[in-house]
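A.B. asks: Kindly generate the corresponding structure for this input.
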Amino acid sequence: MITEKRPAAKEKIEIDLRGPEGNAFALMAIANKIGKQLGMHPDERGAINAEMMSGDYDNLIKVMDQHFGDYVIMYK
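C.D. replies: Modelled structure (predicted):
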């Protein structure tokens with residue numbers, strides 16, 4: 001049987017927000033790393049970082065999810 005090759009499934013990064021990975025600085029580092037891997041310009045990564053820091057922790061989580069929700073799963 002001949003079939004079309006399926007693209008490999010993207011594995012998401014799992015982050016337990018209750019653990020050390022849930023620390024705000026750790027989340028910003030993860031966001032920066034993902035941004036680099038996606039080829040984002042440093043200015044774009046900086047703007048996302050600034051948006052993450054523009055509010056409280058819940059804002060940081062919301063911004064992280066908006067920009068990188070396709071690549072991470074965050075658990076509370």
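A.B. asks: Just to check, residue 67 is in contact with residue 28?
C.D. replies: No. The criterion here is Cβ atoms under 8 Å, and residue 67 misses it with residue 28 at 11.5 Å. For the C-beta atoms, the positions are set from N, CA and C on the backbone; glycine is no exception.
A.B. asks: Walking through the chain, point out its strands one by one.
C.D. replies: All strands of the chain, identified by DSSP state E, fall at 13-16, 72-75.
A.B. asks: Run through the neighbouring helices and strands of whichever helix in the chain runs longest.
C.D. replies: Using DSSP state H, we find that the single longest helix of the chain is helix 24-37. Contacts defined by 3 or more Cβ pairs under 8 Å, 6 or more residues apart in numbering; DSSP states H and E place helix 24-37 against strand 13-16, helix 42-53, helix 57-68.
A.B. asks: So in that sheet, which strands flank the shortest one, and in what orientation?
C.D. replies: In its sheet, strand 13-16 lies beside strand 72-75 (parallel), with partners assigned from DSSP bridges.
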